[in-house]
Structure formats: C-alpha cells, structure tokens
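Chemist: Pasting a predicted model and its sequence here:
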Amino acid sequence: MKTLDPGLAAHLAGRMTSLCAVWILTRSDGQRLGFTDHDRSLTVDGVVCHPARGMEASADTRGPGLAAGGGEVSGALDADGPVPLDGFAEADLEAGRWDGAEVAVHLVNWAQPAQAVLLRRAVIGEVTRAGRSFRAELRGLGHLLEARRGRVFASRCDADLGDTRCGIALTDPRYRAVATVSGAADARELTVTGLTGFDAGWFDGGRFAVLNGPLTGFAGEVARHARSGAAATLSLWLTAPQPIGAGTQIEVTAGCDKRFATCRAKFANAVNFRGFPHMPGTDFVLAYPGRNTGENDGGALVG
C-alpha cells in the first residue's frame, strides 16, 4: 500500500488534475537522467527531468502473484557528443552504458512537482534499434527472482578472478598491464604493444578497459591473446562501438578458465579454488558395473 503526499492525495480527489509521468534512469556508471511526457522541465527527486521529445512508454503489464511485470519505452536517438537534452546518444547505447540501468517511474502533479509518488521500479533489458530510433524493454523487479541463487557443484571454480572469494590481487603487475594500440584489423581485433613480458594466451578470457580517447571507459572481455614478436594481438568477444584507434591505451587483466590446473600453475592459488576438481565426470556417471572392466569397482576415485 502506498502512502501519498497529502497535497497529491487532495489533488487526485479534485475534479481536475494536472498529472504527468516522469522516468528517472540511473546508469551503471551512476549518471542519472530524467525525462517527462510534460511539455516543460520538472525537478523530481533532485533530478531535472526534460521533456522527452518523441519518447513514449507502453502500458505497464503485470501478472498475478510474483510474476515479473514489464513494458517498454521508445524514442529517437540523439547525436553523439556531450550528454544532450534527451541523453540517449547512439554511442552510449552501443557501448552498453544503458544495459541494466535502473528506472523509477513517478506520477507527478506538474503544477506542483513536489507532489509526486513512485509508481514502480524496473530495469532496462533488451535494447533494439531501427535507424535513428530505439526501443528499450522494461523488466519488473520480479525478474530478479528468476535468477539462480546459491552454488552448484561443478568441477570448475565458481568465483570470479580477483573477487573476495578468489583472493588474487589484480593490481599485481603479473596479472595486469597497460598496452598501446598500434593498429586494428577491425573492431574486434587489436594489435598492441607493451605485452612482451607475457606469454601468448595469458590474457585469454581476461578483461580490457579503454583508458583514453573517444571510447574512454569502454570495457569488455578478451577472447584470445596471441603474440608475434614484440607485438600482441587481442581478439575481443564483442565488437567495439567504433574502431579503437592507434595510440589508444588499454588496461588488460589476465584471464582464468576456472580449471584447477590453471588456478594452481598460473596463480598459485589452489588453496582458494572454489570448485570440486575431483568430482566424477559424465563418463563415470553413465558407466555401470561390468565384469573385468575396472569401472565402479568400489575403489578410490582419487589416488
């Protein structure tokens, strides 16, 4: 049950109303942007909410019980550059800066913006583009209940490299380096210098982050790390929103394939391995006792 501001409650009980919708979006980088379907800017929850030119929201859909609700919002893309009036720049969408952004939907009395009530919260899901327009899916918070919780017994580690359960300090120069892009075959393959002290494959499955230039802050995962003399080639899992130009500096961190052998040999961190490396595999599970086969004979699995 919601408790309404007394002024808003009185306004809603009147014969005429001056209501509008306000959306306040909080990106993963902490930037907050506000939009409204009113024709002038309003300040709500400390955020200046601008008229959303060409933006519209669909009806909110909700299911019974704990079913996740949903909806969508669509609008036009702004030109790249500093945050514009509407704030939805194409480069930001391409760089994933709106992925998982939190959305707060308010009902506001535009004549008295202090009279507002929070209707719902959601997160931005899938974003699709068509020319110079976009459409963003709004997922109700109920979708978080669909996520898997707890641990699963598996042979590979379920910790993330560098987190508190892993314990590896990624600030260690053995696991982190700054490289300079010397060329790019395309938006998914970079030729870099500065990684001569690392064997090929050291950064497979690792992370990279752009430190300067127009893509500052863009980050992603390294699919493959190869070497050719003093130069190294980094293949990216995802295509960069635009080519990463020569001279751009990127920070690269080592990757981990979550195998026990890698944890022990590469990171000397076997004591913190969070998997079950001696679990019987699929072959053992599917095998059945048989005479003179040596399978399932009751002996120790680990010598």
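Modeler: Alright, I've got the coordinates.

Chemist: I'd say A21 and D37 touch.
Modeler: Yes: counting by C-beta atoms under 8 Å, A21 does reach D37; the two are 5.1 Å apart. The way it works is simple: take the backbone N, C-alpha and C, and place the C-beta from them, glycine included.

Chemist: got a list of what D5 touches?
Modeler: Contact analysis of D5 by C-beta atoms under 8 Å, 6 or more residues apart in numbering lists 114-117.

Chemist: how about 10 Å then?
Modeler: By C-beta atoms under 10 Å, 6 or more residues apart in numbering, the contact set of D5 is 11, 109, 112, 114-117.

Chemist: In three-state terms, how would T262 be classified?
Modeler: Taken by DSSP: H, G, I helix; E, B strand; the rest coil, the conformation at T262 corresponds to helix.

Chemist: Can you select the buried ones from the contacts of D5 in PyMOL?
Modeler: Buried members of those, defined by 16 or more other C-beta atoms under 10 Å, are picked up in PyMOL with:
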select buried, resi 11+109+115+116
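
Chemist: quick check, nearest of the contacts of D5 to A179?
Modeler: Ranked by distance to A179 (C-beta to C-beta), those are led by A116 at 48.4 Å.

Chemist: If that closest one is in a bridge, with which residues?
Modeler: Applying DSSP bridges to A116 yields these beta-bridge partners: V108.

Chemist: Hmm, K2 and it touching each other?
Modeler: No: contact criterion C-beta atoms under 10 Å: A116 and K2 do not qualify, at 11.5 Å.

Chemist: Help me confirm that S28 is found in a helix?
Modeler: No: counting by three-state DSSP, S28 falls outside a helix, being coil.

Chemist: Next up, the contacts around it.
Modeler: Contact partners of S28, counting by C-beta under 10 Å, 6+ apart, are 96-102.

Chemist: Could you count how many residues lie near G100?
Modeler: Using other C-beta atoms under 10 Å, the number of residues around G100 comes to 12.

Chemist: secondary structure class for it?
Modeler: With three-state DSSP as the basis, G100 sits in coil.

Chemist: Now the longest helix anywhere in the chain: buried residues?
Modeler: For the chain, the longest helix by residue count, based on DSSP state H, is helix 6-13. Using 16+ other C-beta under 10 Å as the test for burial, helix 6-13 gives 8, 11.

Chemist: mean confidence for it?
Modeler: The average pLDDT for helix 6-13 rounds to 89.

Chemist: And that helix, how far out from the chain middle?
Modeler: Put simply, helix 6-13 sits 40 Å off its chain's centre (C-alpha atoms, centre = their mean, to the nearest Å).
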